[in-house]
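In: just to be clear, the model below is a prediction. Sequence and coordinates:
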Amino acid sequence: MIISLISQKGGVGKSALARLLAVEVTKAGWTAKIADLDPAQGTSTKWKARRDSAGLQPDVAVEKFRTVDRALKEADRYDLLILDGPAHAEQGGKVMARASDLVVMPTGYSLDDMEPQIEAAYELEEAGIDPASILFVFCRAKGSDAEDKAARSYLRKARMSVLDPVFPELASIRQGHAEGRAASEVPFTKVQEKVIEVAQEIVDQLMKRRKEAA
């Protein structure tokens, strides 16, 4: 199975979601690998180095790739390949999406975050990607209930599917990432519960897509 994390801008949480998913599915007994497709930043690769240095378990496979095609050759070796795409993923994003069972598009609450992602989603649909395989996730989100409600309404009017749980923006998660941890490994139960719910819902959507395609 393959999940793509696609964004038209940096800093919206692609790598944070990739780390979370990889750690949680590995804990569940799956084999998983993050394909870091941003050679300039290498965010997931650097996180992996910190994780290895700290001796954290479970061990998560992460590798940097310059092309999507090279990364896709790893798919048969793992239960789940997570494509952590670069910012401004245009043509490469289409290749990722075509190969994926689920396309996850992280966004914040602001129009500056949502509008480029909506445009990217429309471009994927025009390229033949099934709209049902595209899932928006509010990630690194910090705002009021009213802001959340307004953002969800905006995405629904744009015909986008949105995950219910939200990946929050918290200092404890940022510190965890700096230590080589995923968001679900921070030492705060409420934070763990919030982000594990995000991971579980994404996996549930992935399995739903696989079942529908079978």
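Out: Happy to help now that I have it.
In: off-centre distance for the helix or strand containing Asp113?
Out: In the assignment (DSSP states H and E), Asp113 maps to helix 111-126. Centroid separation for helix 111-126 versus its chain: 16 Å, with CA atoms, centre = their mean, to the nearest Å.
In: could you pick out the longest helix of this structure?
Out: In the chain, assigned by DSSP state H, the helix with the most residues is helix 189-213.
In: buried sites along that one?
Out: For helix 189-213, the buried set under the neighbour-count rule, 16 or more other CB atoms under 10 Å, comprises 191-192, 194-199, 202-203, 205-206, 209. (Each C-beta comes from the backbone N, C-alpha and C, glycine too.)
In: for Gly42, see how far away Ser153 is.
Out: As judged by CB to CB, to the nearest Å, Ser153 and Gly42 stand 36 Å apart.
In: following the longest strand anywhere in the chain, which helix or strand shows up next?
Out: Longest strand in the chain by number of residues (criterion: DSSP state E): strand 134-141. Note on strand 134-141: by DSSP H and E, the next helix or strand toward the C-terminus is helix 145-157.
In: distance between that following helix and the chain's centre?
Out: Using CA atoms, centre = their mean, the offset of helix 145-157 from its chain centre is 20 Å.
In: which strands or helices does the helix or strand encompassing Arg174 pack on?
Out: Following DSSP H and E, one finds Arg174 within helix 171-178. With contacts taken as 3 or more CB pairs under 8 Å, 6 or more residues apart in numbering; DSSP states H and E, helix 171-178 sits against helix 14-27, helix 189-213.
In: of all those helices, which one is nearest Leu111?
Out: Between Leu111 and the helices and strands packed on helix 171-178, the tightest spacing by CB to CB is seen for helix 14-27, at 19.3 Å.
In: partner strands of whatever helix or strand comes next after the closest one and their direction?
Out: Elements were assigned by DSSP H and E; along the chain past helix 14-27, the next helix or strand is strand 32-36. Sheet pairing of strand 32-36 (DSSP bridges) gives strand 61-64 (parallel), strand 80-84 (parallel).
In: any idea of the angle the helix or strand that strand 32-36 is followed by forms with strand 80-84?
Out: Reading on from strand 32-36 to the C-terminus, the next helix or strand found by DSSP H and E is helix 43-54. Between helix 43-54 and strand 80-84, the angle comes out at 120 degrees (axes from the mean of the first three to the mean of the last three CA atoms, to 10 degrees).
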